[in-house]
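> any chance you can model this:
(one chain, ligands or ions: 1)
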Amino acid sequence: MANNIIKTIAIVGGGTAGWMTAAALSRMLLPENVKIILVESEQIGTVGVGEATIPDIANFNLMLGINEQEFLAETNGTFKLGIEFRDWGKLGDQYFHPFGSHGVDMNGIDFHQYWLHTRQNGNKAKLEDYSICAMAAKQAKFVLPDNNPKSVLSHLRYAYHFDATAYAAFLRKFSEKRGVIRIEGLIEDVATDNETGNIQSVILKSGQKIEADFFFDCSGFRALLLDKTLGVKFKDWSHWLPCNRAQAVASERTEPLLPYTISSAKKSGWQWRIPTQERTGNGHIYCSDFISDDEANQVLLEGLDAKPLGDARTIHFQTGCREKFWDKNCIGIGLSSGFLEPLESTSIFLIQQGVSRFISLYPDNNKSAVLQNEYNRLMTREFTQVRDFIILHYHATERDDSPFWNYCKNMSIPDSLKHKIELFEAGGRVFRDDQELFAKSNWIAVMLGQNIEPQVYEPILLGIPINEIKHSLDSMNHAMGQAVSRMPTHAQFIQKYANGVRS
Ligand code: FAD
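Predicted structure coming up:
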């Protein structure tokens, strides 16, 4: 058995994926039992974007034992309560996709069904007027959730915005303290075993050879091991997610400090706005078939609300994922394994899932095919489910003001997504797998936000007096409004909470 234990792990790449992998493994494995080496090249650098997250990242940090205040201070982090979508369903539309739920389900019936019922009976309030996250966000307020389930603040959910480079540096410090060996160098060659096809070593420009039993390909879009060495094919999803370029630029911080991301649909893509403590991250995601780089740059700059801090960087990408995430003695994590657009901030989450799944299926040195197959099944499912949710945003639109939106509106979509939309249209119902990342409330926020209207709502509600329902909804809205009025502003909260621990 002892001979079968993995003794050395090599991680190729030191971006967010490489250092998240190193941090998680070093937390679990003692350096005297398993040596962890990370190779990265400053000459190549990292992609340098990836600033918005979803709430699951807090669990990752918790698993590492990271102090939240220290993390926010070191990464210029801020809080995120959701995403405001502008001009997606049609020009002039605005909706908020909050973390957490809308209202409270009653008598086993989803809250949005009650809201739809009251809306037909004159209720002018929006669905997001029953979300504590959306209400706090709109007033640029923030407070941590309350653990008391009776408190309205127990419904708060949050994630972070941060500086991606600072997060990788933070995790590097964490990992090196736990024995991870970092090697700076450019990998020029990879040696494989003729018989098994397994990777044996990576060879640096300096001639240094790094041997390991198991490898992680965290080399970003280059996919040095999974693609270039093992030849694992890429599943191209660009017919469903056609954007293939981004231009990113930071701008000066503005007031108030918003605790949410803004995603504004543009003529041939969309633009993000992500506020961190010292600056705002901005980026224009677009499809080069419909707009030139110069025009895209103009759109980006016109969409800024403050002075840019430098020139925009252009990043090329292709949406899709690998046919296998684990092949031979190598797992791809991060951009090497696939990319699905940053629209719902899911890439860092997929990194987290990649590492957690590996830990839960931790192999011995025989690299059991059963474990590999299970890992690939789980990661494929994860990518596919996230893919469908992102496609929904593009497809559920009435926009016809550009060839790009006409394409998105009329493109064929995966059957799995078509099924979800049909069920919702039929009766406002959402069915999802238990393991799915996006909850019912996420699907409901985007479907209703982008004007997919159920033809009927729960008929059972006709048996409840409408005034009773309206009263319950008014009480929820009132309780949330009261709670928000007592919150500090997001800027005040950050100032006290994160800056208090700055050295
Ligand atoms: P990289 O950051 O590219 O790192 C690759 C590493 O490999 C580097 O250290 C490099 O030096 C090393 N390397 C490569 N080749 C060699 C070699 N030959 N020798 C030695 N070292 C090598 N995700 C989110 O969750 N939220 C977001 O808001 C978000 N926004 C995004 C916006 C855009 C435009 C893009 C493109 C991505 C975004 N992402 C986002 C995704 C996120 O940026 C990535 O998932 C994350 O940064 C992980 O990247 P990575 O570590 O896989 O790759």
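> pLDDT value on the residue nearest to the spatial centre of the chain, please?
When C-alpha atoms, centre = their mean is applied to the chain, the residue found nearest the centroid is residue 346 (1.9 Å). pLDDT, residue 346: 96.
> contacts only, for the nearest residue to it once chain neighbours are set aside.
Of all residues not flanking residue 346 in the chain, residue 386 sits nearest, at 4.9 Å (C-beta to C-beta, 6 or more residues apart in numbering). In short, each C-beta sits where N, CA and C put it, glycine included. Residue 386 sits next to 340, 344, 346, 350, 437-438 when contact means C-beta atoms under 8 Å, 6 or more residues apart in numbering.
> where does the stretch 301-450 of the chain dip in pLDDT?
Across the stretch 301-450 of the chain, the ranges flagged by pLDDT under 70 are 367.
> for the stretch 1-150 of the chain, which residue gets nearest to the ligand?
residue 15 (2.3 Å; C-beta to the nearest ligand atom).
> now that residue: closest residue in space that isn't a chain neighbour?
That would be residue 46: by C-beta to C-beta, 6+ apart, it lies 3.8 Å from residue 15.
> report the secondary structure state of the one you found.
coil (DSSP: H, G, I helix; E, B strand; the rest coil).
> what number of residues lie near it?
23 (other C-beta atoms under 10 Å).
> and what of residue 383?
Neighbours of residue 383 (other C-beta under 10 Å): 23.
> and the closest residue to residue 105 other than its chain neighbours, how far from residue 102?
Leaving aside its chain neighbours, residue 105 sits nearest to residue 111 (5.2 Å; criterion: C-beta to C-beta, 6+ apart). According to C-beta to C-beta, to the nearest Å, residue 111 and residue 102 sit 5 Å apart.
> more neighbours: those two, which one.
residue 102 (27 against 22).
> I'd assumed residue 89 was in contact with residue 451.
Yes: applying C-beta atoms under 8 Å, one finds residue 451 in contact with residue 89, separated by 4.4 Å.
> tell me if the residue nearest to residue 346 really is in a strand.
No: with three-state DSSP as the criterion, residue 386 is assigned helix and is not in a strand.
> on that earlier part again, show me the contacts of residue 386 that map onto helices.
Within the contacts of residue 386, residues falling in helices by DSSP state H are residue 350.
> most neighbours out of the contacts of residue 386, which is it?
Counting neighbours by other C-beta under 10 Å, the top entry in these is residue 346, with 26 neighbours.
> quick one: it and residue 282, what's the gap?
From residue 346 over to residue 282 (counting by C-beta to C-beta), the distance is 19 Å.
> the one helix or strand residue 408 maps to packs against which elements?
Using DSSP states H and E, residue 408 sits within helix 403-410. Applying 3 or more C-beta pairs under 8 Å, 6 or more residues apart in numbering; DSSP states H and E, we find helix 403-410 packed against helix 369-395.
> is the helix it packs on up against the ligand anywhere?
No: Helix 369-395 stays clear of the ligand (C-beta under 6 Å from any ligand atom), getting no nearer than 10.8 Å.
> any idea how far that helix is from the chain center?
Mean-position distance between helix 369-395 and its chain equals 14 Å (C-alpha atoms, centre = their mean, to the nearest Å).
> buried sites along it?
371-372, 375-376, 378-380, 382-395 (16 or more other C-beta atoms under 10 Å).
> ok and it relative to helix 403-410, angle-wise?
Angle of helix 369-395 versus helix 403-410, following axes from the mean of the first three to the mean of the last three C-alpha atoms, to 10 degrees, is 120 degrees.
> gap between stretch 226-243 and the chain center?
For stretch 226-243, the distance to the chain centre is 19 Å (C-alpha atoms, centre = their mean).
> that stretch: which residues count as buried?
Neighbour-count burial for stretch 226-243 [16+ other C-beta under 10 Å]: 226-227, 229-230, 232, 237, 240-243.
> measure it end to end?
End-to-end distance of stretch 226-243 (C-alpha to C-alpha, to the nearest Å): 23 Å.
> again with stretch 427-444
12 Å.
> next: stretch 409-421.
End-to-end distance (C-alpha to C-alpha), stretch 409-421: 14 Å.
> equivalent analysis for stretch 480-497, please.
Distance between the boundary residues of stretch 480-497 (C-alpha to C-alpha) amounts to 23 Å.
> and that stretch, what's buried?
Across stretch 480-497, burial judged by 16+ other C-beta under 10 Å covers 480, 483-484, 487, 489-491, 493-494, 497.
> then stretch 176-191?
For stretch 176-191, a neighbour-count test (16+ other C-beta under 10 Å) marks 176, 178, 180-183, 185, 187, 190 as buried.
> and that stretch with the ligand, contact?
Yes: applying C-beta under 6 Å from any ligand atom, one finds stretch 176-191 touching the ligand at 186-187.
> touching that stretch from outside, list them.
Here stretch 176-191 makes contact (C-beta under 8 Å, 6+ apart) with 12, 14, 22-23, 25-27, 30-31, 35-44, 172, 175, 199-206, 208-210, 219, 224-225, 228-229.
> repeat that for stretch 214-224.
Contacts of stretch 214-224 (C-beta under 8 Å, 6+ apart): 6, 8-15, 17-18, 21, 44, 46-47, 187, 190, 199, 202, 225-226, 228, 316-317, 322, 329-337, 339, 363, 367.
> what does the protein have sitting close to the ligand?
So the chain meets the ligand at 13-18, 39-41, 44-47, 49-53, 164, 186-187, 218-220, 222, 224, 246, 248, 283, 315, 317, 334-336, 342, 345, 347-348, 351 (C-beta under 6 Å from any ligand atom).
> tell me which of those fall in helices.
With DSSP H as the criterion, helices contain 16-18, 164, 347-348, 351 from among the residues of the chain next to the ligand.
> for burial, what's the neighbour tally of residue 260?
Look at residue 260: counted by other C-beta under 10 Å, it has 31 neighbours.
> hmm, back to that, from the buried residues of stretch 176-191, which is closest to residue 148?
residue 178 (35.4 Å; C-beta to C-beta).
> contact partners for the spatially closest residue to residue 343 that is not a sequence neighbour?
Taking C-beta to C-beta, 6+ apart, and ignoring the residues beside it in sequence, residue 343 has residue 390 as its nearest neighbour in space, at 5.2 Å. Residue 390 makes contact with 241, 340-341, 343-344, 346, according to C-beta under 8 Å, 6+ apart.
> and these, which is closest to residue 406?
Closest to residue 406, out of all of the contacts of residue 390 and judged by C-beta to C-beta, is residue 241, at 16.2 Å.
> I'd say that closest one and residue 391 touch.
Yes: contact criterion C-beta under 8 Å: residue 241 and residue 391 qualify, at 6.4 Å.
> name the residues of stretch 450-459 that are buried.
For stretch 450-459, by 16+ other C-beta under 10 Å, it's 450, 452, 454, 457-458.
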